[in-house]
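Q: Sharing a sequence plus its predicted fold:
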Amino acid sequence: MVQVKSIELDGKHPRICVPLTGTTNEEIIKQALAAETSDAEIIEWRADYYKKVDSLSDVLDVLSHVRTTLKSKVFLFTFRTIEEGGQIPFTLTQYKHLCLGVAESGLIDMIDVELEKAEFLGRNFIQKIKEHQVKLVLSSHDFDKTPEDAVLILKIGIMNQFGADIGKLAMMPHNVQDVLRLMGIINKARGFNQLPLAVMSMGNLGKISRVSGSLIDSVMTFAALDQASAPGQIPVERMKDYLAEFSIETMKN
């Protein structure tokens, strides 16, 4: 279990996260205002959508305004690289500079770092982020396929070794079996470590994975506020009802 502010991420009650995907300051603040009154408990700023993301001072300015707006929410910062479904190319140096600058700002509760980038940048980079009391999500995305279980277990193990607070796997299925394998990966991973995990199978085929978090022990699920940031995201206004309907407690009753 991971505690972030007043929220427990325990897998029994998957938390809803929605992305802010605006390209301008005005669009982002408008989305943040809507997110503050939504059923989402975690708000993710997908900074790769922001047209001034190459300027740390502009990013920090937006962060400050969003932080002020999100009075009751957990704030997750993410720059998704183009290799894993993001919007713009970014060098490794730019990525490092941005992540460290945001972590040092004290304006966020959580930060998403891609596992592949963490492996390139090393443990010292991860340690510097964690020094600022920011919860670390190490993520891996594959928009082409769902790798074999052994590959997924290895990724989870590396996430754990790097000191992740939460691991995230988002994979594209080719068939129903891919969806079922990914939904079962948390239980398989428990034989190796206890890292809290958020897993989701993308696209229409994988939608069931986004509403079955309490069944598979996924700590978070991503929903759409007004624009989806990944294929298969369900609108946030429907997600709360779906999670309640498919919760373990509901099934027992």
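A: Done, it's in. In this text, all values refer to a predicted model and were calculated from it rather than measured experimentally.
Q: which residues of this structure fall in strands?
A: For the chain, strands defined by DSSP state E occupy the ranges 2-4, 7-9, 15-20, 42-46, 74-78, 110-114, 135-142, 166-171, 197-201, 220-224, 234-235.
Q: And the ones you listed, which one averages the lowest pLDDT?
A: Mean pLDDT per stretch puts strand 234-235 lowest among the strands of the chain, at a mean of 86.
Q: circling back to that earlier point, quick one: which of the strands of the chain is nearest V53?
A: strand 42-46 (9.8 Å; CB to CB). To be clear about C-beta, it is placed using only N, CA and C from the backbone, and glycine gets the same treatment.
Q: List the strands paired with that closest one, with their directions.
A: Taking DSSP bridges as the criterion, strand 42-46 pairs within the sheet with strand 15-20 (parallel), strand 74-78 (parallel).
Q: For the first one, give me every contacting residue.
A: So that's strand 15-20. Strand 15-20 has contacts (CB atoms under 8 Å, 6 or more residues apart in numbering) with 7, 9, 28, 31-32, 35, 38-46, 66, 74, 76, 78, 219-225, 227, 229, 236, 239-240, 243.
Q: rerun at 6 Å
A: Contact with strand 15-20 is made by 28, 31-32, 35, 40-42, 44-46, 220, 222-223, 225, 229, 236, 239, as judged by CB atoms under 6 Å, 6 or more residues apart in numbering.
Q: can you tell me which residues contact the nearest residue to V102 once chain neighbours are set aside?
A: The spatially closest residue to V102, leaving aside those adjacent along the chain, is F77, at 5.2 Å (CB to CB, 6 or more residues apart in numbering). Shown in contact with F77 (CB under 6 Å, 6+ apart): 45, 102, 108, 111.
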